[in-house]
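>>> Provided below are the primary sequence and the corresponding predicted coordinates.
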Amino acid sequence: MKFERRPWAEPYKIKVVEPLKMTSQSDRERFIKEAGYNTFLLHSEDVYIDLLTDSGTNAMSDYQWAGMMMGDEAYAGSKNYYNLENNVRKYYGYKHLVPTHQGRGAENMLSQCLIKKGQYVPGNMYFTTTRAHQELAGGTFVDVIIDEAHDSQFNHPFKGNVSLEKFSNLINKVGAENIAYITIGATVNMAGGQPVSMENIKAVHKLAHQHGIKVVLDATRAMENAYFIQQREPGYQNKSVAEILKEFASYSDAATMSGKKDLLVNIGGFVAVNDDDLFEELRNMVVLYEGLHTYGGLAGRDMEAMARGMEEAVHDDHMKARVEQVGYLGELLDRYDIPTVKPFGGHAIFLDAKRFYPQIPQSQYPAQTLAADIYVNSGVRAMERGIVSAGRNKETGEEYFPALELVRLTIPRRVYTQAHLDITAYSIAEVYDKRDKATGLKMIYEPKYLRFFQARFERL
Ligand code: F0G
């Protein structure tokens, strides 16, 4: 008997299950219409396989649930805060920790502390909430990711890398004093979950520090990034994910974190910094927005679950199963010749809606349409990551037309089996077979902020 390659398996077994509800196609047609063709507005009860996001959708382990019972719900000085602080120091290496209810709480505070009105904030492609908080704080985001990241077919092992040329051109053009800091997202969500190499962050850190510019890591999926470095970057094959993560974070001055991804919890985040004065400022600010500096909007039990999740997530066997499961779905879609972003990312497979539905112009929201059509076909819920997510230019009010018009199939951690992914691929193949008949959407309601969450559409 011959195997193409050595199979991998989940490094856990299942102890508790949550039944799934099946619905009929005619029910789903009604549900998506009622939801304004926006998968964010569906009731999750009406979803069969939920690939909307990997955020807060993780399955916790028995060790984490046991930790929940160890919650110290004191208003101040909870022991779970100190456990979390210890683990942040141990695994990421930052000196100070301020917990927040989730990632955007951290982004809000850090943006307010570090951005002066009129300053620029370069980053390796935007993330929706990150850019929104930078803009609310008076900053202007500048994309400095390598060009290849905007091409869904370009095969680059570290497609999330910062272009040093773009970054240094910006410094020369506006002056270092007008740059608040540079954000490095790793992996880069909007580019398809693409990693940043160690070599690149090292070089960015060097260039930034030569000009007195701080480096802020969006550490949301940095453990997945560390796994890609182990697999792809020369010199790292024999290092553990934990060692790589710590080295990677050492090339940054601060981090914002959504614990709802890498850290295997359902809620939580933090901002972590090395600078004592910045810590002082954040500690003052957190009481206004999140809660006291030793809980930041979280229950003690949530902080304990996050501290324990960090210990589990950084294991090589966990990270291998996590990232390889995502790749498994990608390979199935390849077999049906379905257009996806290459290489496959760490948390999701992204369908290339421009190539899936070439007849639908971007102004008629092809990715939004495709996400709705997949839901109607099988009850699988995905998310638009294209023109709707990109929003509008804050000065001109014009819609951005991003090069990438994608549908994200995001895999929650430790939640679905390979069989669920088989069904998902099968359903997408069915939609692909009928692709010639698809027509686009018209937006009939547009919210002011982060419009993709609540916008409503009608079929054209
Ligand atoms: N940074 C990145 C790279 C993210 O992907 C997210 C959230 C955040 C920051 C904000 O964190 O949600 O805890 O406030 N991404 C989710 C997603 C929403 O579905 O990709 P948050």
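Yes, it's here.
>>> what helix or strand is the nearest residue to Leu264 once chain neighbours are set aside located in?
Spatial nearest neighbour of Leu264, excluding adjacent residues (Cβ to Cβ, 6 or more residues apart in numbering): Gly309 at 3.5 Å. (Glycine included, C-beta is placed from N, CA and C.) Secondary structure assigned from DSSP states H and E places Gly309 in helix 300-313.
>>> can you show me the CA trace of that helix as PDB?
Taking C-alpha atoms only, helix 300-313 is exported to PDB below (Å, rounded to 0.1, in the frame of the first residue of the first chain):
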ATOM      1  CA  GLY A 300     -10.700  36.200  35.800                       C
ATOM      2  CA  ARG A 301     -11.700  32.900  34.300                       C
ATOM      3  CA  ASP A 302     -11.300  34.300  30.700                       C
ATOM      4  CA  MET A 303      -7.800  35.400  31.500                       C
ATOM      5  CA  GLU A 304      -7.000  31.900  32.900                       C
ATOM      6  CA  ALA A 305      -8.400  30.200  29.800                       C
ATOM      7  CA  MET A 306      -6.200  32.500  27.600                       C
ATOM      8  CA  ALA A 307      -3.100  31.900  29.700                       C
ATOM      9  CA  ARG A 308      -3.600  28.100  29.300                       C
ATOM     10  CA  GLY A 309      -4.600  28.400  25.700                       C
ATOM     11  CA  MET A 310      -1.300  30.100  25.000                       C
ATOM     12  CA  GLU A 311       0.600  27.100  26.500                       C
ATOM     13  CA  GLU A 312      -1.300  24.600  24.300                       C
ATOM     14  CA  ALA A 313      -1.400  26.600  21.100                       C
END
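>>> show me what it packs onto, helices and strands only.
Helix 300-313 is packed against helix 62-68, helix 79-91, with contacts defined by 3 or more Cβ pairs under 8 Å, 6 or more residues apart in numbering; DSSP states H and E.
>>> out of those, which is closest to the ligand?
The closest of the helices and strands packed on helix 300-313 to the ligand is helix 79-91. By Cβ to the nearest ligand atom, the value is 15.6 Å.
>>> show me the contacts for the closest residue in space to Gln25 that isn't next to it in sequence.
With Cβ to Cβ, 6+ apart as the criterion, Gln25 has its nearest non-adjacent residue at 6.5 Å, and that residue is Val376. By Cβ atoms under 8 Å, 6 or more residues apart in numbering, the residues touching Val376 are 25, 28-29, 32.
>>> next one: Gly103
129, 218, 220, 256-260, 269.
>>> widest-spaced pair of the residues you listed?
Thr129 and Gly259 (14.3 Å; Cβ to Cβ).
>>> the two: who's more crowded?
The neighbour count for Thr129 versus Gly259, taken as other Cβ atoms under 10 Å, is higher for Gly259 (34 against 20).
>>> ok, now how distant is the more buried one from the ligand?
Per Cβ to the nearest ligand atom, to the nearest Å, Gly259 is found 7 Å from the ligand.
>>> wait, doesn't that residue sit right on Glu304?
No: using Cβ atoms under 8 Å, Gly259 makes no contact with Glu304, being 11.8 Å away.
>>> got the angle between the very next helix or strand once past the helix holding Gly309 and helix 300-313?
Note on helix 300-313: by DSSP H and E, the next helix or strand toward the C-terminus is helix 316-335. With axes from the mean of the first three to the mean of the last three Cα atoms, to 10 degrees applied, the angle from helix 316-335 to helix 300-313 works out at 80 degrees.
>>> off-centre distance for helix 316-335?
A distance of 17 Å separates the centroid of the chain from that of helix 316-335, by Cα atoms, centre = their mean, to the nearest Å.
>>> and what of stretch 302-320?
17 Å.
>>> how about that stretch: buried residues?
302-314, 316, 318-320 (16 or more other Cβ atoms under 10 Å).
>>> how about stretch 337-345?
Buried, per 16+ other Cβ under 10 Å, within stretch 337-345: 338-345.
>>> can it be found next to the ligand?
No: Stretch 337-345 lies apart from the ligand when judged by Cβ under 6 Å from any ligand atom; the minimum separation is 11.2 Å.
>>> what lies in contact with that stretch?
Applying Cβ under 8 Å, 6+ apart, the contact partners of stretch 337-345 are 152-157, 159, 187, 191-194, 326-327, 330, 333-334, 349-352, 355-356, 404, 406, 428-429, 432.
>>> same question, stretch 111-121
By Cβ under 8 Å, 6+ apart, the residues outside stretch 111-121 that reach it are 133-134, 136-142, 170, 174, 178-183, 214, 216, 278, 281-282, 285.
>>> please consider this matter closed, and thank you.
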